[in-house]
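# fold the following and give me the result.
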Amino acid sequence: SQLSARSRHSNGIILGTGGLQNVAHLPLGVGEGRPVRTVEPFPRGALPPRNLSPGTVGGLTEDRKRRRSFGFRVVFDHPRRDAGFDMGGCYFVGVTTQAFTAFGERNALQQSRFCWGIEDHGNKFEGRLQSHTRVPGRGGSSNYGVEISRSEASRNADNVLFGSREVITVVADLETRTLTYWRDGRLLGTLVSNLPRTGNIYPIVVPFNAGVSVAISAMDSSPLPLLQSFVTDWKRTQQEREDLHRR
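Numbers count the residues shown, from 1 in each chain. Prediction:
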């Protein structure tokens, strides 16, 4: 597996156990907009993802196969949104460095210079200042986000880069210092550049709203079954607690 099975730095975010250690849930009362990062960084000497081939999701050319590439997959579950529907903004998928430590602060990741990735409503972040830009909707102003045009990356049927229960695939090319994205197997493009030249780089996500769950997996597996299993277990546990409270 290319990713650690565990996610940490949660500060109140509930993490799965056993075979679901790469699933996280943002419960009510914790505070919205907090990120979850993997334990392990990308190995700087990593080989390209093994299950990628030309003409498939994440297909690599022979030139790119010689580069250091690393892939992972992410899926969010919003309890009040059907598959593919807009979750409301500020849901982030990308990478960070160990310099980012503000895991308990709302929207701290996207408002820092240690943020490379995309949000569901179409902003991208490349670890550098952008003049006169704002994070749309929640979160107020930011000096780091810039909108991705529709000519750069297609939106889904609900007019967002990705929605609830859509699997986002990310390939980080450490030679070209870029992130390339797919949504449910459809190429969105190489959307993020300017990755750090040196130091550790970690996958990171922001499950923005209370009640939302997120799963991260390696390229050789899908995060969706893990997420579905976690959500089913979570709902059953909550129902059991409610039943016990009524007695």
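# go through the strand or helix carrying Leu188 and flag the buried ones.
Assigned by DSSP states H and E, Leu188 falls within strand 186-192. By neighbour count with 16 or more other C-beta atoms under 10 Å, strand 186-192 contains the buried residues Leu188, Leu191, Val192. C-beta: built from backbone N, CA, C; applies to glycine.
# closest to Ala24 out of these?
Closest approach between the buried residues of strand 186-192 and Ala24, by C-beta to C-beta: Val192, at 22.3 Å.
# report the contact partners of the closest one.
For Val192, the contacting residues are Gly94, Trp116, Gly117, Ile118, Lys124, Phe125, Glu126, Thr178, Leu179, by C-beta atoms under 8 Å, 6 or more residues apart in numbering.
# tell me the one of the residues you listed nearest Val146?
Set against Val146, the nearest of those by C-beta to C-beta is Lys124 (6.0 Å).
# could you check how far that closest one is from Phe103?
Remark: distance between Lys124 and Phe103 (C-beta to C-beta, to the nearest Å) = 22 Å.
# these two: who's more crowded?
Applying other C-beta atoms under 10 Å to Lys124 and Phe103 shows that Lys124 carries more neighbours, namely 24 against 18.
# secondary structure element for the more buried one?
Applying DSSP H and E, one finds Lys124 within strand 123-126.
# which SS class is the residue minimising distance to the centre of the chain?
Nearest residue to the geometric centre of the chain (C-alpha atoms, centre = their mean): Val93, 2.7 Å. Under the three-state scheme (DSSP: H, G, I helix; E, B strand; the rest coil), Val93 adopts strand.
# packing partners of the lengthiest helix in the chain?
Of all the elements of type helix in the chain, the one with the most residues (DSSP state H) is helix 223-246. Helix 223-246 sits against strand 23-25, strand 69-77, strand 213-218, with contacts defined as 3 or more C-beta pairs under 8 Å, 6 or more residues apart in numbering; DSSP states H and E.
# let's see that with 10 Å instead.
Counting contacts by 3 or more C-beta pairs under 10 Å, 6 or more residues apart in numbering; DSSP states H and E, helix 223-246 is packed against strand 14-15, strand 23-25, strand 69-77, strand 213-218.
# just give the strands next to the strand holding Leu188 in its sheet, each with its orientation.
On the basis of DSSP bridges, the sheet neighbours of strand 186-192 come out as strand 178-183 (antiparallel).
# show the contacting residues for the nearest residue to Tyr91 once chain neighbours are set aside.
Across the structure, with C-beta to C-beta, 6 or more residues apart in numbering as the measure, the residue nearest Tyr91 apart from its sequence neighbours is Asp120 (4.2 Å). With contacts defined as C-beta atoms under 10 Å, 6 or more residues apart in numbering, Asp120 is in contact with 76, 86-93, 155-156, 158, 160-164, 166, 168, 206, 208.
# narrow these to those in strands?
In this view, those that belong to strands under DSSP state E are Phe76, Phe92, Val93, Ile168, Val206.
# what's the most distant pair in those?
Largest separation among the ones in strands among the contacts of Asp120 by C-beta to C-beta: Ile168 and Val206, giving 12.5 Å.
# please say which of the two ends up with more neighbours.
Set Ile168 next to Val206 and count neighbours by other C-beta under 10 Å: Val206 wins out with 27 against 24.
# thinking that one is in contact with Leu26, fair?
Yes: Val206 is within contact range of Leu26, at 9.3 Å (criterion: C-beta atoms under 10 Å).
# so what sits against both of those two?
Glu32, Gly33, Arg34, Val36, Val212, Val214.
# out of those, which end up buried?
The neighbour-count criterion (16+ other C-beta under 10 Å) marks Glu32, Gly33, Arg34, Val36, Val212, Val214 among the shared contacts of Val206 and Leu26 as buried.
# as CSV, those residues with pLDDT and distance to Val146 would be great.
Converted to CSV, those look like this (pLDDT from 0 to 100; distance: C-beta to C-beta, whole Å):
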residue, pLDDT, distance to Val146
Glu32, 84, 23
Gly33, 88, 19
Arg34, 88, 23
Val36, 90, 24
Val212, 93, 25
Val214, 94, 24
